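S.K.: sequence first, then the predicted structure, then my questions.
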Amino acid sequence: MSTIYPFTALVGQDQMKLALLLNAVDPRVGGVLIQGDKGTAKSTAVRGLAKVLPMHRDGTPMKVVDLPLHCTEDRLVGTLDIERMLQEGKQKFSPGILFEAHENILYVDEVNLLEDYLVDTLLDVAAMGVNRVEREGISHSHPSRFILVGTMNPEEGAIRPQLLDRFGLSVTVKAETDVALRMEVLRRRLAFEDTPQAFIESYRKDDEALRKTIETARKALPTIGVDANLLELIANISITLGVEGHRSDITLLNSSRALAALQGEPHVTMDHLKQLTPLVVSHRMKRKPFEQREFDETMLENLWATYEGIQK
């Protein structure tokens, strides 16, 4: 029997849980990079998420596919057996991790320590939804659409800005500083370790309710409206913060629609944009080399105030 810690039993870390749920509702959000110290429930949250996601169409459950730190390119993308194809005249493809990850969660722990060329390949496939393997003029492709989750401890090495931009959302997790919350973490962990199945069963209804919420949100997603003035605001957010390219605009739009669907609301509101802007732009803002600058919400206060003044 499964002994995965229930997603709904996690204490605190609300931004991390929200980022994961938004990707569960709409994988076009583009995945999430979770930054933080060890022991802050990053891996626990990812594995718990898989247990609350709706089943595949064939009735099989979604799973977490791990990408090892020392993975080879062939193991990641798969291999073509050229010699056998020449002998038999038939294409022989041995699938890799990207094949297994299709319609599942692809989890990359310590993504900042992964070889750059592997991260490039991984993010390209995540963006296109297709893995294409070419060897000696012969190619093979297959669908590879997944929820990408990367985790890292910033103290163990940085990640290139070009790669940061490719993650839809980014959250920073820290250990809880509230004594009551830390005590609740201890209580739940002790109960889970002493009687895991009983603990899991005690959260079964909560997990099932969350699964139904995700299913409902997925169905509602195509109907979520966005007013033209909010589209203008999304564009102005990136301009105000000096974010290059259009990826942040698209991600903020997709994640805001996913949040509206998750909350059962028919339209995106400015509150959705306020809540999600830090998750979308914090890792995309320009900064000097070696500078660790945290997102400052005061930079947007004038923009919010201006928009609200126009609406009155």
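M.R.: Received it, and whenever you're ready, just let me know what you need. Numbers count the residues shown, from 1 in each chain.
S.K.: which residues in this protein form strands?
M.R.: 32-36, 64-66, 79-80, 93-94, 105-109, 130-135, 138-143, 147-152, 169-173 (DSSP state E).
S.K.: Ala45 is nearest to which of the ones you listed?
M.R.: When the strands of the chain are compared by Cβ to Cβ, strand 32-36 sits nearest Ala45, at 7.9 Å. The C-beta positions use only the backbone N, C-alpha and C, and glycine is treated the same way.
S.K.: neighbouring contacts of the closest one?
M.R.: Strand 32-36 is touched from outside by 16, 19-20, 23, 42, 45, 111, 148-154, 159, 164, 167-174, 283, with contacts defined as Cβ atoms under 8 Å, 6 or more residues apart in numbering.
S.K.: of the strands of the chain, which is nearest Tyr203?
M.R.: strand 64-66 (18.4 Å).
S.K.: can you name every helix or strand that that closest one contacts?
M.R.: Packing partners of strand 64-66 (3 or more Cβ pairs under 8 Å, 6 or more residues apart in numbering; DSSP states H and E): helix 42-52, strand 105-109.
S.K.: of the contacts of strand 32-36, buried ones?
M.R.: By neighbour count, with 16 or more other Cβ atoms under 10 Å, those hold 16, 19-20, 23, 42, 45, 111, 148-153, 159, 164, 167-173, 283 as buried.
S.K.: what's the neighbour count on the closest residue to Met299 other than its chain neighbours?
M.R.: Closest residue in space to Met299, ignoring its immediate chain neighbours: Leu241 at 6.4 Å, by Cβ to Cβ, 6 or more residues apart in numbering. Number of residues near Leu241 (other Cβ atoms under 10 Å) recorded here: 20.
S.K.: same thing with Thr44?
M.R.: For Thr44, the neighbour count with other Cβ under 10 Å is 18.
S.K.: for it, which non-adjacent residue is spatially closest?
M.R.: Nearest to Thr44 is Tyr5, by Cβ to Cβ, 6+ apart, at 5.1 Å.
S.K.: what's the spacing between that neighbour and Asp26?
M.R.: 25 Å (Cβ to Cβ, to the nearest Å).
S.K.: how about Asp66?
M.R.: Applying Cβ to Cβ to Asp66 and Asp26 gives a distance of 23 Å.
S.K.: go on, Arg188?
M.R.: On the measure of Cβ to Cβ, Arg188 and Asp26 end up 30 Å apart.
S.K.: neighbour count: the two, which is higher?
M.R.: Asp26 (21 against 18).
S.K.: got a list of what the closest residue to Gly78 other than its chain neighbours touches?
M.R.: Closest residue to Gly78 apart from its sequence neighbours, by Cβ to Cβ, 6+ apart: Gly96 at 3.6 Å. Counting by Cβ under 8 Å, 6+ apart, Gly96 makes contact with Asp74, Arg75, Leu76, Val77, Gly78, Thr79, Asn131.
S.K.: count of neighbours near the residue lying closest to Leu230 once chain neighbours are set aside?
M.R.: Leaving aside its sequence neighbours, Leu230 sits nearest to Val268 (Cβ to Cβ, 6+ apart; 5.7 Å). Per other Cβ under 10 Å, the neighbour tally for Val268 reads 25.
S.K.: same check, this time on Ala191
M.R.: Using other Cβ under 10 Å, Ala191 has 14 neighbouring residues.
S.K.: returning to what we had before: please flag which of the contacts of Gly96 sit within helices.
M.R.: Asp74, Arg75, Leu76, Val77 (DSSP state H).
S.K.: could you count how many residues lie near Leu163?
M.R.: Quick note: Leu163 (other Cβ under 10 Å) scores 20 neighbours.
S.K.: going forward, begin numbering at 40 instead of 1
M.R.: All set: I'll call the first residue 40, so the last point we hit is now Leu202.
S.K.: spatially, what comes nearest to it if we skip its sequence neighbours?
M.R.: Among residues not flanking Leu202 along the chain, Val158 sits closest, at 5.4 Å (Cβ to Cβ, 6+ apart).
S.K.: isn't that neighbour right up against Glu149?
M.R.: No. Val158 is beyond contact range of Glu149, at 11.4 Å (criterion: Cβ atoms under 8 Å).
S.K.: between these two, which one's more packed in?
M.R.: Per other Cβ under 10 Å, whichever of Val158 and Glu149 has more neighbours is Val158, with 20 against 13.
S.K.: pLDDT at Glu336, what is it?
M.R.: Glu336 carries a pLDDT value of 68.
S.K.: try His179
M.R.: The per-residue pLDDT reported for His179 equals 83.
S.K.: mind listing what it touches?
M.R.: His179 neighbours (Cβ under 8 Å, 6+ apart): Gly117, Leu119, Gln130, Phe132, Arg171, Val172.
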